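J.: Structure, please.
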Amino acid sequence: MTRRHVLVPFGTRPEVVKLAPVVGALSAAGHEVSVVDTGQHTDPALSSALQDALGLVPTHRFALPAEPSARTGALHADAATALRTFSPDLVLALGDTSTVPAYALAARAAGVPFAHVEAGLRSFNPRSVEEVNRRVAAAVAQLHFAPTQRAAAFLAGEGVAAERVFVVGNPVVDTLVARGVRRFPVADRSGVLVTAHRPTNVDDPVRLRRLVGVVHGLADRIGPVTFPVHPRTAKRLADEGLGLALADHPGVTLTGPADYDTLLAALASARLAVTDSGGIQEEAAYLGVPVVVLRGSTPRWEGVEAGTTTLAALADDDAAAAVLAAAEAHTRLDAQRRAAELPCPYGDGTTGRRIAEVLADPRTDALLALPEPDFTDGRLPW
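T.: Model (predicted):
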């Protein structure tokens, strides 16, 4: 068995939720783990409180400046500092936030191998910063920990060698299993959980107004709406004078960012989730709750293929109306029962252990090597 020193950076709420079981499994397997909070989130409900709840204790915390371009520069500088400070054998990052390319590129610059968890997710949206981040990670990674066979197939299509791809599931399922979350019986479910935070939906005043109209329509046609409002969304609603219009509807309950267990309870007991979040699509699949995604594409195609997820963006009024039509379809009794009976396509709760086992395998040494090519004998690489 090989024991490695693994540097694990994280910056956002989904990374905390998904990396907590991975870090736990790495430590339990005897690997040394240094955990870095990159500082992307500062709201306690989205950062330190969640870390405490899930037992993800950072070895070091960075603070980022407020101005966006300064944040990007500081994030990359901090990544280089972390590599120098901890001198890891491997950097392992998850997902598609700004933390991922910063630490991937810092690892490459330092000559340290990089591993990517949630590898192979693709939305095929050229305007998506997250899509760029995923592709940077794929270009740098020596190990690709894909959540599903479909994600592995996307990597294969991009030319990633099969021996570097490991289908391990998504670690969010590890967290749900560990916390004992259970599916609610269909008869005990009610209402709709709404979340929205992506710039595409909340930074555009026209789309934001459509979102408010959709929330009202859901409350009128489906049932009570619970809407934990992300800080970014709350600011945009206030800036546009829409906060009171949303709060005044008797069927809408607005809260601040919910703690993780409260959010899971709201999701598990809902008939439907309407969201632009990637993580909620996975959690809803585990809980057997159908989803309407407020986007034109998604990196999580398994739910779309299964028929339990519908893509319905807010690009125009017709699209907003399609959100309500999809919501009504998903909340019919037959659709509710079908979603509740389908197995989760995103894993079985053993992702962290599988990653730890791959890293402990001495055969992984060859995959982590970064040899310099030698074509001085006149050979060509094709």
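
J.: element containing residue 380, please.
T.: Assessed by DSSP states H and E, residue 380 sits outside every helix and strand.

J.: Quick check on residue 312: phi, psi?
T.: Phi and psi for residue 312, reported as degrees, to the nearest 10, are phi -150, psi 100.

J.: low-confidence ranges in the protein?
T.: 42-47 (pLDDT under 70).

J.: out of all of them, which helix in it is the longest?
T.: Across the chain, the longest stretch assigned as helix under DSSP state H is helix 68-86.

J.: That one: what's the following helix or strand?
T.: Next in line after helix 68-86, if elements are assigned by DSSP H and E, sits strand 90-94.

J.: by contact count, what packs against that following strand?
T.: The contact analysis (3 or more C-beta pairs under 8 Å, 6 or more residues apart in numbering; DSSP states H and E) places strand 90-94 against strand 5-10, helix 13-28, helix 99-110, strand 114-117. C-betas here are computed from N, CA, C, even on glycine.

J.: Of these, give the one that comes closest to residue 338.
T.: helix 13-28 (26.7 Å; C-beta to C-beta).

J.: can I have that closest one written out in CSV, keeping just the CAs?
T.: Coordinates of each C-alpha in helix 13-28 appear next as CSV, following Å, rounded to 0.1, in the frame of the first residue of the first chain:
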residue,chain,number,x,y,z
ARG,A,13,-20.5,25.0,-0.3
PRO,A,14,-20.8,22.1,-2.8
GLU,A,15,-17.1,21.4,-2.4
VAL,A,16,-17.4,21.1,1.3
VAL,A,17,-20.4,18.8,1.1
LYS,A,18,-18.6,16.5,-1.5
LEU,A,19,-15.0,16.6,-0.2
ALA,A,20,-15.8,16.0,3.4
PRO,A,21,-16.3,12.2,2.9
VAL,A,22,-13.3,12.1,0.5
VAL,A,23,-11.0,13.7,3.0
GLY,A,24,-12.3,11.4,5.7
ALA,A,25,-11.7,8.3,3.5
LEU,A,26,-8.2,9.4,2.6
SER,A,27,-7.3,9.9,6.2
ALA,A,28,-8.8,6.6,7.3
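
J.: what packs against it?
T.: strand 5-10, strand 32-37, helix 48-54, strand 90-94, strand 114-117, helix 171-178, helix 278-287, helix 351-360.

J.: These: which one's closest to residue 78?
T.: strand 32-37 (8.0 Å).

J.: Need the three-state assignment for the nearest residue to residue 247 once chain neighbours are set aside.
T.: Distances taken as C-beta to C-beta, 6 or more residues apart in numbering put residue 254 closest to residue 247, at 5.3 Å, once the chain neighbours are dropped. Look at residue 254: counting by DSSP: H, G, I helix; E, B strand; the rest coil, its state is strand.

J.: which of the helices and strands packed on strand 90-94 sits most buried?
T.: Of all those, strand 114-117 carries the top mean neighbour count, a mean of 27, counting by mean count of other C-beta atoms under 10 Å.

J.: Next secondary structure after that one?
T.: Counting by DSSP H and E, what follows strand 114-117 is helix 129-140.

J.: Tell me which other helices or strands that next one touches.
T.: The elements that helix 129-140 packs onto, with contact taken as 3+ C-beta pairs under 8 Å, 6+ apart, are helix 99-110, strand 114-117.

J.: Between helix 99-110 and that helix, find me the angle.
T.: 30 degrees (axes from the mean of the first three to the mean of the last three C-alpha atoms, to 10 degrees).

J.: from the chain's centre, how far out does helix 129-140 sit?
T.: Computed by C-alpha atoms, centre = their mean, to the nearest Å, the chain-centroid distance of helix 129-140 equals 14 Å.

J.: Would you confirm that residue 146 contacts residue 166?
T.: Yes. Counting by C-beta atoms under 8 Å, residue 166 is a contact partner of residue 146 at 6.9 Å.

J.: which of the two has more neighbours?
T.: Counted by other C-beta atoms under 10 Å, residue 146 and residue 166 do not tie: residue 146 has more neighbours, with 25 against 19.

J.: gap between the more buried one and residue 102?
T.: Distance, residue 146 to residue 102, by C-beta to C-beta, to the nearest Å: 22 Å.

J.: Would you check that residue 289 makes contact with residue 270?
T.: Yes. Between residue 289 and residue 270 there is a contact at 5.9 Å, judged by C-beta under 8 Å.

J.: Pull up the overlap in contacts between the two.
T.: By the contact definition C-beta atoms under 8 Å, 6 or more residues apart in numbering, residue 289 and residue 270 are jointly contacted by residue 189.

J.: quick one, what contacts residue 149?
T.: Residue 149 makes contact with residue 167 under the criterion C-beta under 8 Å, 6+ apart.

J.: so how far is residue 151 from the nearest residue to residue 347 once chain neighbours are set aside?
T.: Counting by C-beta to C-beta, 6+ apart, the nearest residue to residue 347 once its immediate chain neighbours are dropped is residue 169, at 2.4 Å. For residue 169, the distance to residue 151 equals 10 Å [C-beta to C-beta].

J.: before we move on, back to that, residue 32 is nearest to which of the helices and strands packed on helix 129-140?
T.: Residue 32 lies closest to strand 114-117 among those, at 15.0 Å (C-beta to C-beta).

J.: Remind me what the closest one packs against, helices and strands.
T.: Under the contact definition 3+ C-beta pairs under 8 Å, 6+ apart, strand 114-117 sits against helix 13-28, strand 90-94, helix 99-110, helix 129-140, strand 143-146, helix 351-360.

J.: residues touching the nearest residue to residue 269 once chain neighbours are set aside, list them.
T.: Nearest-residue entry for residue 269: residue 184, 5.3 Å, with adjacent residues in sequence omitted and distances by C-beta to C-beta, 6+ apart. Contact partners of residue 184, counting by C-beta under 8 Å, 6+ apart, are 268, 269, 287.
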